[in-house]
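Chemist: Have a look at this prediction, sequence included:
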Amino acid sequence: MWKKIRKYIIPLSICLILISTAVAGCAEEEPAPAPAPAPSPAPEPEPEPAPAPEPEPEPEPAGPTKNSIVIGASRPLSGPNAPIGDAAFGPIMQMWQERVNAEGGIYVEEYGKKLPVEYIIYDDATDVGTMVRLTEKLILEDEVDILFSACGTAFISAQAPVANKYGMVLLTAEGGATIMRDALYGLPYVFISLPFSDHYQLPVFAEMAAAKGAKTAYIITIADLHGVEYGGVAAIEFPKYGIEVIANKSVPITYTDFSLLVKDAKAADPDLFCVFAYPPIIMPVTGEMMAIGFNPPAVLMGPGANFGFYGISFGGDPMTINGVTCFAAANEKTSPEFAQLYADLEALVGWPNLDWWGHPYYAPLVQIWQEAIEVTGTLDQDVLRDYIASNQFDTILGNTYFEMFGEFGGGLMVKDTHPGEIGQWQDGTVEIVGGGDWPGVVLTSDWVYPKPDWPTP
Amino acid sequence: MPESIVTIMDVAIGGLLLGGIYALIAMGLSLQYGVARVLNISHGEFIMLGAFSTFTLYTVVGINPLICLAIVGPIAFIIGFLLQRTLFTQLRTSAPNPGAFEASSLLATFGLMYVIQGIALQIWGADYRAYTYLNFGVDLGGAIFSANKLVILGFAIGIGVAFYIFLARTHMGKGIRSAAQDPTTASLMGVNINRVLALCFGFGAAMAGLAGVLYSMRIPLNPAMGLQYTLIAIIIIVLGGLGSIPGAFIGGLILGIIGEIVTYIDPSLSLAAYYFIFMLLLLVRPKGIFGK
Amino acid sequence: MNITRFTSKGFLIPGLISLVILIALVTLPFYGSLYNVIMVTSILMYIILTVSWVLFSGPTGYMSLATAAFFGIGIYASAIFLPNTGAILPLLVVVVIGGLVSSLVALGVGALTLRLRGIYFAIFTFGLVVLILELGNWWEHTVTHTRGRFVMLVDNDVIFYIMLAIFVLLMLTTYLIRRSKFGLAMRSIGENEEAAAHIGVNVTMVKVITFAISAFFMGAAGVIWATKLTYVDPYVAFNPLFSFMPVLMAIFGGMGQIYGPVIGAVIFAYLQEKLQTEFPYYYMLIFGFVLVAAILYLPDGLIGLIQKLWRLIRRWRKGGAAKQDANT
Amino acid sequence: MQILEGEKVTKYFGGLAAVSNVDFYVGQGEVVGLIGPNGAGKTTLFNLISASLVPKPGVIKFKGKNITGKKPHKICRMGIARTFQTVKIFTNMPVLQNVLAGSFFGTSPGMSSADAAREASESLEFVGLSDMAALPARDLTLANQKRLEVARAMATRPELLLLDELMAGLNATEITEGMELVKKIRDKGITIVMIEHVMKAIMNVCDRIIVLHHGEKIAEGTPQEIATSKKVIEVYLGE
């Protein structure tokens, strides 16, 4: 019997699954259960594979007839970065495409009509080399009009020079680091949106904590660019406000058992406990803290604590993590626009996995693109670049613009645009509790210091 | 003085508990490699499947994770059993020699890893998911440990001992042991080799599934999480001697304790230390601690 | 040093085909689109990794998973000597340095791991990748405090030509080794190491030297690949996937012939790109199934399939001829 | 003159002495038989001579030179060749290449490819496999595979040849042919040590016989002496 099964079942099942996935891949759009508002006009995720076979390396559209604005992105749809790629910038892009197309597209003057948005997404499988190649494919082969950002600090660090080389405007999303700011002087086409470490996050936090009387900090970082970045900047910024860094420990990216480290931190009895790492680390650390009852006055975690899933991961009740501090810019209370954004995102994703740090900065990116195209009336990258570099935009954040680095450099979204820097989990949502003293800031609650106790099980 | 004792307790018991987790992860792989000769790169994917199933059963259906053990284990067993009966038997019968089979099965499991991850991506999406269960402290003579860790160690020991008795005492267990030593002779002696191998692979998959159920209480889940556990399991089974269940168990405990000691000194070197010790051991004693 | 007499059969046609392919490749930037050049560069990278993997692991039967380590060393050499702030050394010199450092590491590792066989060797070499990755991380984190490194941009055509040069050099080396006394020694080790030693093959030396030669090409390819990545940190450089890819590609293509791994790498890389772009949400699933199916149904790789088809055609043609003779 | 000498050669595996305190010698041009029950340590002694294993303690001398601790390939190039109990030919290579590998690497100093090729063909001719030179080695019968192994060993131009159970598994005709082959090799002036269970072959071919039992040498002498030795008969028939 088994012989027959072997002979027929294996090839049959392989063929069946291959065919079904291929069919599904062609027919279905996105696995996410999106309650599509209107009959979406172009649900095809991949249009013709090679729309323009003629070897024209220049991304100049030039032709008088153009039927769509092509947007391209190389995103981690599989591999370790997929969770972030799926949850952060991804839904914003998808929502925008649907909304724009429901209105018939974006009006582009040089073509004299509204052009719908066509969206090409590739899977870089969380490999930098693949991401770079696919980015080049988007630029050269698919001749995209808008290049959307890759996901992860290392990835945008690699994508920025490449996009810049081809003269493609790149508004980056998930990630940012001081090395990128240093490089910005030579990257005129690159605009960084997400705030990072010394870009007002840690200084603001240190000032807040010092005002409450915090004196010591215990830091755990992940052993990659993100961890080195935040650990290093904290070691510089905290002492400026009289906070002593009593430990700065780094853990490998795949490490999962934190019992001993958390105990070590508990024994050190710090005022601030900072974990600069991703969810696979911050979540077990949080669990361990609850288990052994380590409850320092302030707990700062990220990225990951700024995501909705963090809140509902500990026994399903977001109240469990009351008082945990994270990086966050805006929430539902910041403005009605944000309330709408979060409601839309939740409806699209299907569960309350909101990102209070990233979404406030990714949502304006698509607005900036749209405004730049509508006002300049062109898809020419140089014109668009100059427009974005020299104008202020009215976005969900309010007045939004970039600080330009040098005469021939790229931009970094200025602090005055930030509605907040530091968030805290309070009663099931992230309240914005800290920002610098600049005009855009909208705090939605006071910082609870010391942090309330973990609930007793 | 008492503080240093507590620290030693923390390191020692912490290491033991961590070792329990590792042992649980490694025993299944040891069985699959030791008897069925399949170095299963997709082992971690079974852990991932077990963990995700538990997540869904617990958060959606509301089934207690400990009861999930009884659901996930048999299902994983059946999947493993069928895989061995179909895919790996096919590879085994068509391979010209055992070495070629080891190579081709290794690569097949690499493909399987992609397939299982791909399926998980379709079912659960790429997001992180997590829940916690039994996450409260238990005081062991001054050192506090979370309860779910103790439960995991308990199950690791329980499953290990039960399986050891099964191997030593039952007829089927003897068949498995003789197949592990010499498949040809075993089949000559009337052991249905195909069934024994399928059972072993099934048991291995079931153990991975159970490890996933238990471990899901502690860690966030995502479809790409499996490979790191496969790698740790490979280190352990080489440490313990390929194919030795007690070796895998003790190897897991040793690695756990080493891990905690290194973490105590410098956590950033913990993984490097695993690999360093592992490679050193390979050079000094290539057959592992318990290998023959 | 030459035993061509015993292995050269039909030298002319393969030689001509190689020449035509080479000319097509050299002139590619003149007729192909820029993306074609980029894509071919990346395929060449995969070919180099696969062929240099086969160079050692094919005949000797030692499954090395250290490819990612040697490749990564090259990438890191590039990050150190070719930063975006200005090259410290000329590109070509760095290519050689990357190759040399890789082969030095390979010499050391090879000398250490001689006693390991089969799966132990495979696991050890894989451990090497992770160990270097973790130590690199630790070094960057605690010693140099480096937050990733930017590599200078290099013109796509230059990258392509250097990659092509490494590829041609590698193919020539492989060809010469296969036909030389050295290749015979390697094959005899792969067939039976003990017997090889007892007929006078210096088993240790042959293995270590081949391992080092194959690592040289991996490292050199890494150097040039880093200029495409533009950003390097240990996780980017030492991606364990690059340990498995060459093995899969080689087996997919078939290792019996010199062109098997090449075809395997080309088709594999192309398939990967197609799936990632055409079916981005199903890439893993389909890729996995193709892999499993290939291992199940192409035991001798694509080359085996081609040879089988070729034999079938010949038999069919012969059969036709025989029928005319009314015999069989 | 003695071509090979062993003094107090010993080898332990774990706590077990596989070869214990064996003194032996082999004269130039002799054919020496090595016999003993299974597990007596015969193959281990071969492995020690050919440097697969290193004796501890003990010294082995070849042509008066101490060769203990040398690498197998060095030993081979010095002039000691061997065959294996279970045939270890290069199954996926053509027959000729098997032998060619021997003439290429086993001779000291190394040969040019033309010389090596000639040497290889001569060796094949010598064992009578010339017709099968182009076949893959795995297609040969067991008897021919054993011949091939002998040819490969001969191609290394040995002065001393160690034959490990050349006749095992062969039928009566093949055994007779095998004995002829051994005599032919001896006639070329090559010294031979052979492990054998086929008594007919041993008694016919050997000049002298060494008997091992439980790792120890229990008897040594001409075939007649051994055949009548009480101790040897006890070992083989007793217990």
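Modeler: The structure has been received and is ready for your questions.

Chemist: For stretch B:149-165, list the C-alpha coordinates in PDB.
Modeler: Coordinates of each C-alpha in stretch B:149-165 appear next as PDB, following Å, rounded to 0.1, in the frame of the first residue of the first chain:
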ATOM      1  CA  LYS B 149      10.000  27.000  32.900                       C
ATOM      2  CA  LEU B 150       9.600  24.400  35.700                       C
ATOM      3  CA  VAL B 151       6.700  22.900  33.800                       C
ATOM      4  CA  ILE B 152       8.800  22.600  30.700                       C
ATOM      5  CA  LEU B 153      11.700  21.000  32.600                       C
ATOM      6  CA  GLY B 154       9.200  18.600  34.200                       C
ATOM      7  CA  PHE B 155       7.800  17.600  30.800                       C
ATOM      8  CA  ALA B 156      11.200  17.300  29.300                       C
ATOM      9  CA  ILE B 157      12.200  14.800  32.000                       C
ATOM     10  CA  GLY B 158       8.900  13.100  31.900                       C
ATOM     11  CA  ILE B 159       9.000  12.700  28.100                       C
ATOM     12  CA  GLY B 160      12.600  11.700  28.200                       C
ATOM     13  CA  VAL B 161      12.100   9.000  30.900                       C
ATOM     14  CA  ALA B 162       8.900   7.700  29.300                       C
ATOM     15  CA  PHE B 163      10.600   7.400  26.000                       C
ATOM     16  CA  TYR B 164      13.600   5.700  27.600                       C
ATOM     17  CA  ILE B 165      11.400   3.200  29.200                       C
END
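
Chemist: can you list contacts of that stretch?
Modeler: A:259, B:16-17, B:20-21, B:23-24, B:27, B:66, B:69, B:134, B:138, B:203, B:207, B:210, B:214-215, B:217-218, B:245-246, B:249, B:252 (C-beta atoms under 8 Å, 6 or more residues apart in numbering or on different chains). C-beta coordinates here come from the backbone N, C-alpha and C atoms, glycine included.

Chemist: can we see that at 6 Å?
Modeler: Outside stretch B:149-165, the residues that touch it by C-beta atoms under 6 Å, 6 or more residues apart in numbering or on different chains are B:17, B:20, B:21, B:23, B:24, B:134, B:138, B:214, B:249.

Chemist: filter those residues by proximity to chain A?
Modeler: With C-beta under 6 Å from any C-beta of the partner chain as the criterion, no member of the contacts of stretch B:149-165 is in contact with chain A.

Chemist: would you turn those residues into TSV with distance to residue B:48?
Modeler: Below are those laid out as TSV (distance: C-beta to C-beta, whole Å):
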residue	distance to residue B:48
B:17	22
B:20	19
B:21	15
B:23	19
B:24	15
B:134	21
B:138	28
B:214	13
B:249	22
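
Chemist: Return the closest of these with respect to chain D.
Modeler: For those, the closest approach to chain D (C-beta to the nearest C-beta) belongs to residue B:249, at 24.6 Å.

Chemist: so what secondary structure elements neighbour the host helix or strand of that closest one?
Modeler: Under the criterion of DSSP states H and E, residue B:249 resides in helix B:245-265. Helices and strands touching helix B:245-265, by 3 or more C-beta pairs under 6 Å, 6 or more residues apart in numbering or on different chains; DSSP states H and E, are helix A:259-268, helix B:2-34, helix B:226-240, helix B:270-284.

Chemist: Kindly recompute the last result at 10 Å.
Modeler: helix A:259-268, helix B:2-34, helix B:147-169, helix B:226-240, helix B:270-284 (3 or more C-beta pairs under 10 Å, 6 or more residues apart in numbering or on different chains; DSSP states H and E).

Chemist: returning to what we had before: show me which of the contacts of stretch B:149-165 is closest to residue A:132.
Modeler: Closest to residue A:132 out of the contacts of stretch B:149-165 is residue B:21 (37.4 Å), distances taken as C-beta to C-beta.

Chemist: how about the nearest residue to residue B:198, chain neighbours excluded?
Modeler: residue B:84 (4.1 Å; C-beta to C-beta, 6 or more residues apart in numbering or on different chains).

Chemist: my guess is the one you found meets residue B:193, correct?
Modeler: No. Between residue B:84 and residue B:193 there is no contact, the gap being 11.2 Å when judged by C-beta atoms under 10 Å.

Chemist: Please say which of these two ends up with more neighbours.
Modeler: Counted by other C-beta atoms under 10 Å in any protein chain shown, residue B:84 and residue B:193 do not tie: residue B:84 has more neighbours, with 26 against 19.

Chemist: Now do the contacts for residue C:243.
Modeler: C:49, C:53, C:64-72, C:122, C:125-126, C:128-130 (C-beta atoms under 10 Å, 6 or more residues apart in numbering or on different chains).

Chemist: quick revisit: mutual contacts of residue B:84 and residue B:193, please.
Modeler: residue B:92.

Chemist: rewinding a little: can you list the contacts of stretch B:149-165 in JSON lines and add distance to residue A:352, neighbour count and pLDDT?
Modeler: JSON lines is the format used below for these (distance: C-beta to C-beta, whole Å; neighbours: other C-beta atoms under 10 Å in any protein chain shown; pLDDT from 0 to 100):
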{"residue": "B:17", "distance to residue A:352": "34", "neighbour count": "25", "pLDDT": "85"}
{"residue": "B:20", "distance to residue A:352": "35", "neighbour count": "25", "pLDDT": "85"}
{"residue": "B:21", "distance to residue A:352": "31", "neighbour count": "25", "pLDDT": "82"}
{"residue": "B:23", "distance to residue A:352": "38", "neighbour count": "32", "pLDDT": "88"}
{"residue": "B:24", "distance to residue A:352": "33", "neighbour count": "29", "pLDDT": "84"}
{"residue": "B:134", "distance to residue A:352": "25", "neighbour count": "18", "pLDDT": "83"}
{"residue": "B:138", "distance to residue A:352": "32", "neighbour count": "16", "pLDDT": "85"}
{"residue": "B:214", "distance to residue A:352": "28", "neighbour count": "32", "pLDDT": "89"}
{"residue": "B:249", "distance to residue A:352": "42", "neighbour count": "28", "pLDDT": "86"}
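
Chemist: still on that earlier bit, tell me which of the helices and strands packed on helix B:245-265 is the most buried.
Modeler: helix B:226-240 (a mean of 26; mean count of other C-beta atoms under 10 Å in any protein chain shown).
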